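**Q** heads up, no residue letters with this:
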């Protein structure tokens, strides 16, 4: 498998990825009975928390092992792209929330 640096494509994909994360969070919270303002606030809180974990900004550790994710995207069976640094999905959460709740 080939790892390619493609910043513009990576940025596009991480935005689309976090939109899907936010959509799934909203759906599951709706299934649990949340509505209106509470649904939006809890979706935002969970989306931002998950994004900070994906972006390696939340300082995760388990059983003395430091956990440091690095987001990549597979384009096909032989090609993976990355940005050359940590992802910035957190920066896309507010746009994803707007699209999910106003779209």
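**A** Cool, got the structure. Values in this document were obtained by computation on a predicted structure and should not be read as measured data.
**Q** quickly find the element holding the spatially most central residue of the chain.
**A** In the chain, the centroid-proximal residue (C-alpha atoms, centre = their mean) is residue 18; its distance is 3.7 Å. If you go by DSSP states H and E, residue 18 is part of helix 7-31.
**Q** so what touches that helix?
**A** 39, 42-43, 46-47, 50-51, 71, 73, 75, 81-84, 87-89, 92-93, 95-97, 99-101 (C-beta atoms under 8 Å, 6 or more residues apart in numbering). Heads up, the C-betas are built off the backbone N, CA and C, glycines and all.
**Q** state the distance from the residue nearest to the centre of the chain to residue 2.
**A** 25 Å (C-beta to C-beta, to the nearest Å).
**Q** before we move on, what about residue 14?
**A** 20 Å.
**Q** of those two, who's got more company?
**A** residue 14 (22 against 9; other C-beta atoms under 10 Å).
**Q** mind checking pLDDT for the more buried one?
**A** pLDDT for residue 14: 97.
**Q** just to revisit the earlier point, show the buried residues in the contacts of helix 7-31.
**A** Among those, those scoring as buried are 39, 43, 46-47, 50-51, 71, 73, 81-83, 87-89, 92-93, 96-97, 100 (criterion: 16 or more other C-beta atoms under 10 Å).
**Q** tell me which helix or strand in the protein has the weakest average pLDDT.
**A** Every helix and strand in the chain was compared by mean pLDDT, DSSP states H and E; the lowest is strand 73-76, with a mean of 92.
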